[in-house]
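Colleague: coordinates only, sequence not included:
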């Protein structure tokens, strides 16, 4: 059988909800993305990939997205955060320097304690699971050097720590300490890092956020890296899901939107199933 890769991109709390809605809905339609030979998870996609490959009941994980947020609130977004991000994007043409600039901003920011964030990640992924048997690559960025890094089962890093690093939105979430180094969101290199799936013949990309900006390539910009012979199904939120997710950091990090976005993702999966199955099953 042709080798298959699944790429799960970033998109905050809303991106997790949409992604879980998609993978659950696709499984209901007979498309089991958990059978991938490679899964690449970035930020929200790291959370979804950890749940998908842990052998958890997807219906239960989806149902968890529908519960009221309770005491969980939208994280504090620092004043002038967006303007600083835009300024860094415009000012910095070199990708590594941009990532290092984001790392410096993250290290200087006032955020909740790392231990609190790690505990939240454990709840989000349904436990402190070991790395799955199927190959999973989690992306992150070294906050001090700006170096792009990846974690997998051979890295010696616990899965929950890799996910916490990948989902550490700079300036909003605390950088995650892994092997004595602080790390930030893998989405600071690319929204989905789909080029890591190069060499696989069938690739499904679920990208809650597709845009790039400045030195960060958009998802479509990395399609050529997969090679001319790769069959690709790239799915992003439809109009209904996008409306519910919103387009700002404040909306995609708002847990109050989670249930509606998860439902929209599942509804979209029913419509996308035939297209995805055409690539996945050939």
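Modeller: Thanks, I have it. Since the structure is predicted, the reported quantities are computational estimates derived from the model, not experimental observations.
Colleague: the stretch 1-150 of the chain: strands as residue ranges?
Modeller: Under the criterion DSSP state E, counting those that start in this stretch, the stretch 1-150 of the chain carries strands at the ranges 4-8, 38-41, 135-142, 148-151.
Colleague: kindly apply the preceding question to the stretch 151-282 of the chain instead.
Modeller: In order along the chain, the stretch 151-282 of the chain carries the following strands (DSSP E, counting those that start in this stretch): 176-178, 181-185, 202-206, 231-235.
Colleague: and the strands of the stretch 1-150 of the chain: which comes nearest residue 166?
Modeller: For residue 166, the closest of the strands of the stretch 1-150 of the chain is strand 135-142, at 4.9 Å, according to C-beta to C-beta. The way it works is simple: take the backbone N, C-alpha and C, and place the C-beta from them, glycine included.
Colleague: could I get the buried residue list for that closest one?
Modeller: In terms of neighbour count (16 or more other C-beta atoms under 10 Å), strand 135-142 has its buried residues at 135, 136, 137, 138, 139, 140, 141, 142.
Colleague: next: stretch 61-81.
Modeller: 61, 62, 64, 65, 74, 75, 81.
Colleague: next one: the spatially closest residue to the fourth one that is not a sequence neighbour from residue 161, what distance?
Modeller: For residue 65, ignoring the flanking residues on the chain, the nearest one in space by C-beta to C-beta, 6 or more residues apart in numbering is residue 262 at 3.9 Å. Between residue 262 and residue 161 the computed distance is 26 Å (C-beta to C-beta, to the nearest Å).
Colleague: quick one: which of these two has more around it?
Modeller: Set side by side, residue 262 and residue 161 give different neighbour counts by other C-beta atoms under 10 Å, the larger being at residue 262 (28 against 22).
Colleague: make sure that one is actually in contact with residue 22.
Modeller: No. Using C-beta atoms under 8 Å, residue 262 makes no contact with residue 22, being 9.3 Å away.
Colleague: how much space separates the nearest residue to residue 78 once chain neighbours are set aside from residue 55?
Modeller: Setting aside the residues directly before and after it, residue 78 is nearest to residue 171 in space (C-beta to C-beta, 6+ apart), at 5.6 Å. Relative to residue 55, residue 171 is positioned 35 Å away (criterion: C-beta to C-beta).
Colleague: what of residue 206?
Modeller: Spatial separation of residue 206 from residue 55 under the definition C-beta to C-beta is 20 Å.
Colleague: neighbour-wise, which of the two wins?
Modeller: Neighbours per residue (other C-beta under 10 Å) separate residue 206 from residue 55, with residue 206 holding more: 30 against 10.
Colleague: quick one: contacts for that one?
Modeller: 6, 7, 8, 9, 19, 22, 23, 45, 48, 235, 236 (C-beta atoms under 8 Å, 6 or more residues apart in numbering).
Colleague: dump those to JSON lines, plus neighbour count and distance to residue 107.
Modeller: As requested, the contacts of residue 206 are exported to JSON lines (neighbours: other C-beta atoms under 10 Å; distance: C-beta to C-beta, whole Å):
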{"residue": "6", "neighbour count": "29", "distance to residue 107": "32"}
{"residue": "7", "neighbour count": "30", "distance to residue 107": "28"}
{"residue": "8", "neighbour count": "33", "distance to residue 107": "27"}
{"residue": "9", "neighbour count": "31", "distance to residue 107": "25"}
{"residue": "19", "neighbour count": "30", "distance to residue 107": "28"}
{"residue": "22", "neighbour count": "31", "distance to residue 107": "34"}
{"residue": "23", "neighbour count": "28", "distance to residue 107": "33"}
{"residue": "45", "neighbour count": "36", "distance to residue 107": "24"}
{"residue": "48", "neighbour count": "32", "distance to residue 107": "27"}
{"residue": "235", "neighbour count": "20", "distance to residue 107": "35"}
{"residue": "236", "neighbour count": "21", "distance to residue 107": "31"}
